[in-house]
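coordinates for the following, if possible.
(2 chains)
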Amino acid sequence: RKEVEQDPGPFNVPEGATVAFNCTYSNSASQSFFWYRQDCRKEPKLLMSVYSSGNEDGRFTAQLNRASQYISLLIRDSKLSDSATYLCVVNYSGGSNYKLTFGKGTLLTVNP
Amino acid sequence: GAGVSQSPSNKVTEKGKDVELRCDPISGHTALYWYRQRLGQGLEFLIYFQGNSAPDKSGLPSDRFSAERTGESVSTLTIQRTQQEDSAVYLCASSFPGGNQPQHFGDGTRLSIL
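Here you go, the predicted structure:
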């Protein structure tokens, strides 16, 4: 099983749609979780951290289910500018060693 | 404010040559990471520094790859005797220490081996 697994997509949605991405991780000792976005030929940028109780930032909602080792990202009222690859990121900390493991990403295209 | 700076932005070199890639992290970020991203692929972890030490080198693909960091600041990634499969974007990221700290990425160095 891959350490961090995402549906690669692509997801093609119209403007205004709601879209959800899922991610599963294999290491139950993983301690922190993030969603990054990466535009074409650009560097990844932090979108939001994912907290155990779930968290929301404007149109974006992230949820974590530790029992199922599952993370989700919901985008409401999608905009053209949301078109990007969304990376699920999991951190495993062992002692002083912090290692972020990135999923391969889910490609989203929002169409006019 | 100043973000993570990487140089060169682009590097084209012949197979068999050595290359050196540079990363200047955000001031105060003691953790520094190198990743590789091949075209159309996900990020591949290479090495992690905490201060000037590298507790995790597990991602370095071969002994042709090495990295160092000095002054808890600048890091260089060196690839010796480059091969065509080394062609990729090499991304550097830095963060404050701690597993819950998000990483901030540089623009990357696009390396092409002819």
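
and stretch B:10-23, anywhere near chain A?
No - judged by Cβ under 8 Å from any Cβ of the partner chain, stretch B:10-23 makes no contact with chain A; its nearest approach is 11.7 Å. Quick note: C-beta positions are derived from backbone N, CA and C, even for glycine.

that stretch: how far from the chain's middle?
Here stretch B:10-23 shows a centroid-to-chain-centroid distance of 12 Å under the convention Cα atoms, centre = their mean, to the nearest Å.

how much space between the residue lying closest to B:Thr70 once chain neighbours are set aside and A:Lys79?
Closest residue to B:Thr70 apart from its sequence neighbours, by Cβ to Cβ, 6 or more residues apart in numbering or on different chains: B:Asn52 at 6.3 Å. Taking Cβ to Cβ, to the nearest Å as the measure, B:Asn52 falls 43 Å from A:Lys79.

and the two? which has more neighbours close in?
B:Asn52 (14 against 11; other Cβ atoms under 10 Å in any protein chain shown).

OK, contacts around that one?
B:Asn52 makes contact with B:68-72, according to Cβ atoms under 8 Å, 6 or more residues apart in numbering or on different chains.

with A:Gly54 instead?
Applying Cβ under 8 Å, 6+ apart, the residues near A:Gly54 are A:61-64.

and the next element down the chain from the helix or strand bottoming out on mean pLDDT in chain A?
Across the helices and strands of chain A, mean pLDDT, DSSP states H and E gives its lowest value to strand A:97-102, namely a mean of 74. For strand A:97-102, the succeeding helix or strand toward the C-terminus, using DSSP states H and E, is strand A:106-111.
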